[in-house]
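In: Sequence plus the predicted model coming up.
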Amino acid sequence: MTYRTEWYPNSRTDQINLIKIWNAIFADKGQAWNIPTERIAKLVTIAQLAETILSTVNSGQCTSSDVVKCNEIFKEMEIEARFIKKHYLLSPPLAMSDFPNLLLSLPNDKRTPIAAPVGQPALTVTYPGGPHVLTVRFASLPGTEPPDSRGDYGFALYRGIMPQGGATVEQATSDRHYLMKEPLSGKELLHYRFVRRKKEIISFEPEEAGMTVYFCARYENQKGESGAWGPVVSAIIP
């Protein structure tokens with residue numbers, strides 16, 4: 001049987017299902033695998049919170065605060081899952097038969113060199129309907145190829161906001177780094193987040209409604225190596 005190199009799913013539903021499987025197995029074998037009980041309990045709690053908040057967001061009756069909370073909980077769940085895998089699931093006392101049960105690939109001592117990401121991502125910005133919220137979707141720029149999936153890559157998403165007429169010096173030097181003019185490339189956008197999924201919901205402050213937000217992305221792997229910038233896109237913050 002062949003398993004994926006990147007073991008953590010992109011879909012949030014699949015992420016919850018994976019952690020539920022882990023939690024069921026950890027309840028039986030976690031102590032034998034030397035996983036601290038507090039970490040197992042924490043993962044159970046996070047999975048429950050993630051399932052609840054995802055249901056709220058998918059219902060269409062959510063607020064921008066719910067969206068932010070959902071992003072935070074799922075990020076926390078991924079961080080916790082990766083920590084547990086790195087520290088407790090890479091070597092004995094696990095048996096070879098345990099790995100497929102955990103939806104993990106079998107250990108492989110041979111490392112395949114993975115080059116830095118190639119290709120460029122394209123972005124599409126849409127309005128999901130909530131106040132001060134935008135949805136950014138990622139795809140490969142037509143005519144380019146996505147990077148090697150073995151490189152465990154995601155999207156380095158950069159953004160910047162420009163008030164009408166451009167930012168004042170005071171606004172530009174604030175911690176929000178508002179833009180004084182329209183950016184020509186991603187190098188001019190200072191706000192960064194790493195995204196694994198091909199859709200990201202982003203919330204803004206109420207006072208930023210009516211301002212123009214600019215997005216640009218490039219592929220980035222787990223080593224922090226980046227590919228070329230994709231095109232800059234813009235939208236008016238609702």
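Out: Nice, I can see it.
In: Look up which residues are beta-bridged to the most centrally placed residue in the chain.
Out: Centroid-nearest residue in the chain: Val195, 3.2 Å away (criterion: Cα atoms, centre = their mean). On DSSP bridges, the residues paired with Val195 through beta bridges are Phe155.
In: so where's the protein uncertain?
Out: Applying pLDDT under 70 to the chain picks out residues 1-5, 108-114, 149-151.
In: can you give me the helices in it?
Out: Applying DSSP state H to the chain gives helices spanning 12-29, 37-58, 64-88, 98-101, 169-172.
In: In a markdown table, list those along with distance to Pro121 and mean neighbour count.
Out: Bear in mind the C-beta positions are built from the backbone N, C-alpha and C, glycine included. Shown next, in a markdown table, are those (distance: least, Cβ to Cβ, whole Å; neighbours: other Cβ atoms under 10 Å):
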| stretch | distance to Pro121 | mean neighbour count |
| --- | --- | --- |
| helix 12-29 | 20 | 16 |
| helix 37-58 | 24 | 16 |
| helix 64-88 | 19 | 16 |
| helix 98-101 | 32 | 14 |
| helix 169-172 | 27 | 12 |
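In: From Pro128, how far off is Thr135?
Out: Separation of Thr135 from Pro128 (Cβ to Cβ, to the nearest Å) stands at 5 Å.
In: Mutual contacts of the two, please.
Out: Counting by Cβ atoms under 8 Å, 6 or more residues apart in numbering, the contacts common to Thr135 and Pro128 are Ile201.
In: And the protein, split by domain according to the record?
Out: 12-101, 121-236 (automatic domain parsing).
In: Grab the nearest non-local neighbour of Leu123.
Out: In this structure, Leu123 finds its nearest non-sequential neighbour in Val233, 4.8 Å apart by Cβ to Cβ, 6 or more residues apart in numbering.
In: Check the gap between that neighbour and Ile16 for me.
Out: 30 Å.
In: next one: Leu179
Out: Distance from Leu179 to Ile16, by Cβ to Cβ: 37 Å.
In: Pro121 too?
Out: 26 Å.
In: And Arg196, by the same measure?
Out: To Ile16, Arg196 is 15 Å away according to Cβ to Cβ.
In: next one: Cys62
Out: Taking Cβ to Cβ, one finds Cys62 at 17 Å from Ile16.
In: closest one to Phe204 among the helices of the chain?
Out: helix 64-88 (8.0 Å; Cβ to Cβ).
In: tell me what that closest one is packed against?
Out: Here helix 64-88 touches helix 12-29, helix 37-58, strand 199-203, going by 3 or more Cβ pairs under 8 Å, 6 or more residues apart in numbering; DSSP states H and E.
In: List the contacts of Ile35.
Out: Phe26, Ile84, Tyr88.
In: Repeat the analysis, applying 10 Å as the threshold.
Out: Trp22, Phe26, Lys29, Leu43, Ile84, His87, Tyr88, Leu89 (Cβ atoms under 10 Å, 6 or more residues apart in numbering).
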